[in-house]
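> Sequence and predicted model, in that order:
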Amino acid sequence: MIYYATQRFLLSVLIVIVAISLLTLMLHVVPGDPATMILGPRATPELIEQTRVAMGLDQPLPVQIVKFFGRILHGDLGTDVFTGRAVSDIVFEQLPYTLVLIAVSILWSSVLGIVLGCYSALRAGTWLDTLSGILSVGTISIPAFVMALYAVLIFAVSLGWLPAIGAGEGFFDSAMHLILPAFAIGISWVGYIARMVRASMLEVMGAPHVRMARSFGLTEARIVRAYILRIAVQPAVTLLGTGVAHLFSAAVFVEVIFARPGIGALIVSSVNERNYPIILGAVLVTTAIIVLATLLSDLTVALLDPRQREAL
Amino acid sequence: MSQAQATVSLPEPTVISRILRGLAGNRTGTIGFVLVVLILAAAIFAPWISQYDPAAIMTGPRMAPPSSDHWLGTDNLGRDLFSRVLAGGRVAMLVAGASLGAALSLGLVLGLVAGLGPRWLDNLLLLLFDALRSFPTIVFGLAVVTLVGPSLFTVILVVAITSVPIYARIIRTQAQSLRNAEFVMAERAMGAGLPRILFVHVLPNVLGPLLILASMDVPLVIATEAGLSFLGMGVRPPTSSWGVILNDGYNFIRNSPWPVIAGSVPIVLVTLGFTFLGEALRDIFDPRLQKAN
Amino acid sequence: MSEQKLMHSSNAMRGDDHVPLMLIEELSVDFSTARGPIHALRHISLEVAAGRILGLVGESGCGKSSLAYSLIGLLAGNARITHGVIRLGDDDLAHLSAARWRELRGKRIAMIFQDPMTSLNPVRTIGQQMMDIQYRERITRAEKRKFAVDFLAQVRIPDPEARLDSYPHELSGGMRQRVCIAMALLTRPDLLIADEPTTALDATLEVQIIHLLRELQQKFGCSVIFVSHHLGTVAELCDDVAVMYAGEVVEQGSVDEIFRQPAHPYTQALLECDPGSIREATRILPTIPGGLPDLRQVPTGCIFQDRCPQVFERCRREHPGFHLGERTQMARCHLIEQGEMTP
């Protein structure tokens, strides 16, 4: 297990390195001078030159990439050309908002999804199973940003029950401001996870080893808990790990629509300013978090299932 | 022993009749098929269906609710929403077709290279796929937009690049398992070259699953296009797109809900249609799943 | 063993002097399908004697596994017992509540399944699973563990203490089947049902497992129902045998009698087709011509009429009842009644 974990961790680090290299390379593949492109047509030649030196663009490409990684290892993501602030400061200022949003969304949707999926599988064919099936398909078909628009339309504009703008102040207010965004992001995941858990539960429930457990008179509750769930929940765990990337995408829209602070909103405003260093920094941090999430889900699956520990 | 059987592929009519019979016996599959046909027809015949120019700013009512003149109402500039939705559909289908086509062909090549090529190349490509997959699509798209500017082409580029790893991985796995399959081994022993193995065995075997996967991917592509356009980073006004309609609608959400509804319903219908169709096709063609049922 | 066998063979009376553990009377099972019910088992009457091994033989699809599963209440969801009783002590297993089934399973009845590769739970260790099934015993974990080690040693698993912490995928197929046998015996059942326990294993392992089963059955004195399509194995292991064809028992009796002098034309054909019994050098394996009848529409008359080489007019018209041959032997064939039995 430790061997497997180490291997997986090293692979993750490698993936992040390749991902960052890709992003840095992109800047140079695109035709035109990076510094001019970043600053836009209004830039003066002095400013361009200054930026070029500040970003190290005057040096050869391999040197740039190596220097870039050197700086990243020191926690330095570069400097914002416009404000002169450290990119890492700007990014880490916004990150907590997004992380809280994503964590709350994952939590409520996966708990509800797993419970719903299990119930549907154990009571396959009942009206609640059918209803949850229809709801799952329905919610999966609605992209998060459309869901967010409807959440604003119904609960904030028409009914006026919940706040739609900003992140709120203090614990209670913040929590109220989280409800609609977390709902919009999480709702389609409830459907995804419920369907997935239901399908894998039904598959495992028909497995020979479950029949064998029954042949010894073990109670259904014990069989479900110790014999079925641990296997049936694995695809959902994997889905959540790879799904964190989708959650970040959804967070971009939700932050824009609900005018919340966060890394998504930061990226969108930086695109408007064509502020590539900030985007680079934000994407780097996001990617690292996503790779970490995938790693965690893989390790969780390996903890749940001994057969997975040798697969690499 | 199975070599003779393996080289005989099913004649075309059988495949088509098998699909149609399979769909007819599957309720959601039928719904999906009908939806997809309607959506494609609406996209193709859009200019003949609606009498209004989707981009024309009119002097008539603004933010009007649906009426007999304007089936879905009008937007904040008085443009007819129904014709804008139809025009948006054309853009969505264009993006889906172009980007998935590009992703499929690129994925096919890279997947075959990874699956049949040397080990080190396989590992390198896998690493690249994993790296690409670790970007959130929208965030990666925004980074590209910063560099090359927003346009229809940018959207197609972004979707194509982020979709390649999915297809390439599947083709790689298929190619590897086929490389070691008995009938391919037998052919190689008899001196068949790589091209023959590729075109006779690998391609026909991977094409079906790929197309099914592509069908189920259409909703994701369309959501990405609409999303980027919604943020103002995709299709640029005055060109219509469901995302652009949603963005206009969002800005005036306190005045009228109709633009948001008009822009979102087609996205939901496309998603339902292609998902149902894809799932039905998968059930028809995946013998492993058939057995489970 | 010899004492039992001796008693049996010295018994000249018709029928059986053994104490019956389980009595199956007129058991019928239907499987519901989209195209109507399949009458998979029809009017099965069998006796499982205490302390003896009963072999159930027949081609695949003859219903032998369905019969085995109905005796432990694990039939598939679309199967239903439509008729008959299964007596075990004071219980009728054909009409048993789910709660009572749970009390019997893993206590009076245990089962060994066909495929050892998939019969053990992949995410629990051997030890965990062996301790799970002792949930009824009011003993400490350490004692349960000791029992588990003990039984792993009984089935000759080397280093049983260490194996307890292994996961199933770390063991070979033969080892896994030994674990399954150990688990089944650990519950000290009165009846052990073994559903083709060696089919998934190779020939050498098969012999080992058969010997192990025989040895342990004598040690624990339980009854065993051994399902197999392999006549040689049945002859070697079993005391009694029931030959099944298309959902019916066509012949039953002691192994000695039936293998020496098969009465039913199907049993005769089956014995001729067994590669082990072919003495002349030939390159062609004999087969029984024809296929199984459609069990949605059970034909009138004998179930074997279409494939029987000795079929005559009465077989088409009338379903044969059980006719007694020598001592314990019984067969569903008109020929025996008419005294035209040709061994």
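Good, I have the coordinates. Numbering: from 1, shown residues only, chains lettered A, B, ... in the order given.
> Next, count neighbours for residue A:208.
Counted by other Cβ atoms under 10 Å in any protein chain shown, the residues lying close to residue A:208 total 16. (Glycine included, C-beta is placed from N, CA and C.)
> Just read off the phi/psi values of the closest residue to it other than its chain neighbours.
Using Cβ to Cβ, 6 or more residues apart in numbering or on different chains and skipping residues adjacent in sequence, the residue nearest residue A:208 is residue C:118, 4.3 Å away. Main-chain dihedrals, residue C:118, degrees, to the nearest 10: phi -120, psi 0.
> Looks like residue C:118 contacts residue A:209 (just checking).
Yes: between residue C:118 and residue A:209 a contact is recorded at 6.2 Å, counting by Cβ atoms under 8 Å.
> The two - which one has more neighbours?
residue A:209 (24 against 17).
> ok, the more buried one - contacts?
A:227, C:118-122 (Cβ atoms under 8 Å, 6 or more residues apart in numbering or on different chains).
> ok, it to residue C:129 distance?
According to Cβ to Cβ, to the nearest Å, residue A:209 and residue C:129 sit 9 Å apart.
> Quick check: neighbours shared by these two?
Joint contacts of residue A:209 and residue C:129 (Cβ under 8 Å, 6+ apart) are C:120-121.
> centre of the chain versus the longest helix along chain C, how much separation?
Taking DSSP state H as the criterion, chain C has its longest helix at helix C:203-220. The chain centroid and the centroid of helix C:203-220 are separated by 15 Å, computed with Cα atoms, centre = their mean, to the nearest Å.
> now for that helix, which elements pack on it?
Contacts defined by 3 or more Cβ pairs under 8 Å, 6 or more residues apart in numbering or on different chains; DSSP states H and E place helix C:203-220 against helix C:173-186, strand C:223-228, helix C:231-237.
> closest to residue C:151 out of these?
helix C:173-186 (4.1 Å; Cβ to Cβ).
> is chain A contacted by the closest one?
Yes: residues of helix C:173-186 contacting chain A under Cβ under 8 Å from any Cβ of the partner chain: C:180, C:183.
> Shouldn't residue A:106 be within a strand?
No: Residue A:106 is assigned helix when assessed by DSSP: H, G, I helix; E, B strand; the rest coil, not a strand.
> and it, what does it touch?
Counted by Cβ under 8 Å, 6+ apart, residue A:106 has contacts A:186, A:189, A:240, A:244, A:247.
> how far away is it from chain B?
To chain B, residue A:106 is 15 Å away according to Cβ to the nearest Cβ, to the nearest Å.
> Could you pull up the residues touching the residue in the stretch 101-250 of chain C that chain B sits nearest to?
Nearest residue of the stretch 101-250 of chain C to chain B, counting by Cβ to the nearest Cβ: residue C:118, 14.8 Å away. Residues near residue C:118 by Cβ under 8 Å, 6+ apart: A:207-209.
> Which of the residues you listed sits closest to chain B?
Closest to chain B, out of all of the contacts of residue C:118 and judged by Cβ to the nearest Cβ, is residue A:207, at 11.8 Å.
> Can you check the pLDDT for that closest one?
pLDDT recorded at residue A:207 is 90.
> From residue C:177, how far out is the residue nearest to it when sequence neighbours are not counted?
Using Cβ to Cβ, 6+ apart and skipping the chain neighbours, the partner closest in space to residue A:207 is residue C:118 (6.7 Å). Taking Cβ to Cβ as the measure, residue C:118 falls 12 Å from residue C:177.
> what do you get for residue C:60?
In terms of Cβ to Cβ, residue C:60 sits 20 Å off from residue C:177.
> Give the buried residues for stretch C:59-73.
The neighbour-count check on stretch C:59-73 (16 or more other Cβ atoms under 10 Å in any protein chain shown) flags C:59, C:62-73 as buried.
> Format these as CSV; extra columns: pLDDT.
Shown next, in CSV, are the buried residues of stretch C:59-73 (pLDDT from 0 to 100):
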residue, pLDDT
C:59, 85
C:62, 88
C:63, 89
C:64, 90
C:65, 91
C:66, 92
C:67, 94
C:68, 93
C:69, 93
C:70, 93
C:71, 93
C:72, 92
C:73, 90
